[in-house]
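1. With the sequence up front, the predicted model follows.
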Amino acid sequence: MHRRDRYGTVVLAFITSLRHPRNSKDYARVERLLLETLRSVTNQTSEEFVVIVVGNRAPSFPLPERVHFVKVDFRAPAPKTVRVSRSPFIRDKGTKIGVGLIAAREFSPDYVMIFDADDFVHRDLAAFTAQNPGQNGWVVKDGWMYSGARSALREQPNFNRTCGTCFVIPYEAYGVPDELDVHATREQVRVAYGERLSKIIGAHKHAAEWYAAHDRPLQPLPFRGAVYHVDNGENHSANVMTGRARPLNAELSAEFGIRRRHGRLLTLWACYASDPMRRVMTPFQPVVDNLKRVYRAVRQTVRRIT
């Protein structure tokens, strides 16, 4: 049975890649971030989507409905202890996403959104693409930056220059090679996709210009469609959020499927307190955490008694 028949119409394919375990500081954290991201991606208001994850090791948790894992045997892009340029990591991501595009072929999607495995996406993306067939594609120019460490958000202009979770593109624009399947070698994938691997699949900063130069100008997505997740310990860019920010509220939490990690007071402190004050308070954080644990234990005991 064809997968498209199983799901009905698949308008949007979300595709991501996982870094090689040997190039991760903490692979358990990579998986925790992926689980958070998949909760966001699968929170779509339309069922006309599928999600494909490509990596060297299958996630240790059960995959949500509509999520498919594709295993590859590609070598680590660089030894963990050696500092190298970003090029090997772009090739690693690009070739894995290339395999993901091949895997998506059996679902016959109209559009593709490549996303980073620690970011969040808007719940209306699949519905929006279903309502707008035949377009050249869209670019997220205005999005959000989110710090999980602070449960804080900030508006992020020029989003596509900062985050790779930023394009919704027709499937046919990627020129997915008919002669390859998901068992292709990295070199076969690299050769088959050519410059698209480094220009629009493995990297994002200048992809909008590449599309325009190839007679495919993109429209700005008319809403903030994605969230760039920083301060999580596994960003290649090592970006962090400094300064004041707005706390994650119920509306944005629902739109992007983000679960707040801290209570209201701690979130407000993390968002609005000055950086110098936070640095002063940092040595006292273990004491604060212990007090919170004691408070919760006392509250639970009182509830049982009453």
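-> Now that the structure is in, tell me what you want to look at.

2. CA atoms for contacts and neighbours, from now on please.
-> Fine.

3. Any buried residues in stretch 24-40, and which?
-> 24, 27, 30-31, 33-40 (16 or more other Cα atoms under 10 Å).

4. In the chain, what helix or strand scores lowest on average pLDDT?
-> Ranking every helix and strand in the chain by mean pLDDT, DSSP states H and E puts helix 275-281 at the bottom, with a mean of 46.

5. among the buried residues of stretch 24-40, which are in helices?
-> Per DSSP state H, helices hold the following members of these: 27, 30-31, 33-40.

6. Including distance to Asp142 and pLDDT, could those residues go into a markdown table?
-> Output for those, formatted as a markdown table (distance: Cα to Cα, whole Å; pLDDT from 0 to 100):
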| residue | distance to Asp142 | pLDDT |
| --- | --- | --- |
| Tyr27 | 30 | 92 |
| Val30 | 26 | 94 |
| Glu31 | 27 | 96 |
| Leu33 | 23 | 95 |
| Leu34 | 23 | 97 |
| Leu35 | 25 | 96 |
| Glu36 | 22 | 96 |
| Thr37 | 19 | 97 |
| Leu38 | 22 | 98 |
| Arg39 | 22 | 97 |
| Ser40 | 18 | 98 |
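
7. Spell out, range by range, the helices that occur in this protein.
-> 3-7, 27-41, 87-104, 125-131, 159-162, 186-193, 196, 207-213, 250-256, 264-272, 275-281, 285-305.

8. which residues are in contact with the fourth one?
-> Taking Cα atoms under 8 Å, 6 or more residues apart in numbering as the criterion, the residues outside helix 125-131 that touch it are 11-12, 44-49, 111, 225.

9. of those, buried ones?
-> Using 16+ other Cα under 10 Å as the burial test, the contacts of helix 125-131 include 11-12, 44, 46-49, 111, 225 as buried.

10. related to what we said a few turns ago, so which of the helices of the chain is the most surrounded?
-> Stretch with highest mean neighbour count among those: helix 87-104 (a mean of 24; mean count of other Cα atoms under 10 Å).

11. Output that one as PDB, nothing but the C-alphas.
-> The C-alpha trace of helix 87-104 is given here as PDB (Å, rounded to 0.1, in the frame of the first residue of the first chain):
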ATOM      1  CA  SER A  87      32.100  22.500   5.700                       C
ATOM      2  CA  PRO A  88      32.200  18.800   6.900                       C
ATOM      3  CA  PHE A  89      29.100  19.400   9.000                       C
ATOM      4  CA  ILE A  90      27.300  21.100   6.200                       C
ATOM      5  CA  ARG A  91      28.000  18.100   4.000                       C
ATOM      6  CA  ASP A  92      26.900  15.800   6.700                       C
ATOM      7  CA  LYS A  93      23.600  17.600   7.100                       C
ATOM      8  CA  GLY A  94      23.100  18.100   3.400                       C
ATOM      9  CA  THR A  95      23.600  14.500   2.500                       C
ATOM     10  CA  LYS A  96      21.300  13.300   5.200                       C
ATOM     11  CA  ILE A  97      18.600  15.800   4.200                       C
ATOM     12  CA  GLY A  98      19.200  14.600   0.600                       C
ATOM     13  CA  VAL A  99      18.400  11.100   1.700                       C
ATOM     14  CA  GLY A 100      15.400  12.400   3.600                       C
ATOM     15  CA  LEU A 101      14.100  14.000   0.300                       C
ATOM     16  CA  ILE A 102      14.500  10.700  -1.400                       C
ATOM     17  CA  ALA A 103      12.500   9.000   1.400                       C
ATOM     18  CA  ALA A 104       9.800  11.700   1.000                       C
END
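
12. just checking, what packs against that helix?
-> If contacts are counted by 3 or more Cα pairs under 8 Å, 6 or more residues apart in numbering; DSSP states H and E, helix 87-104 sits against strand 12-17, strand 49-55, helix 186-193.
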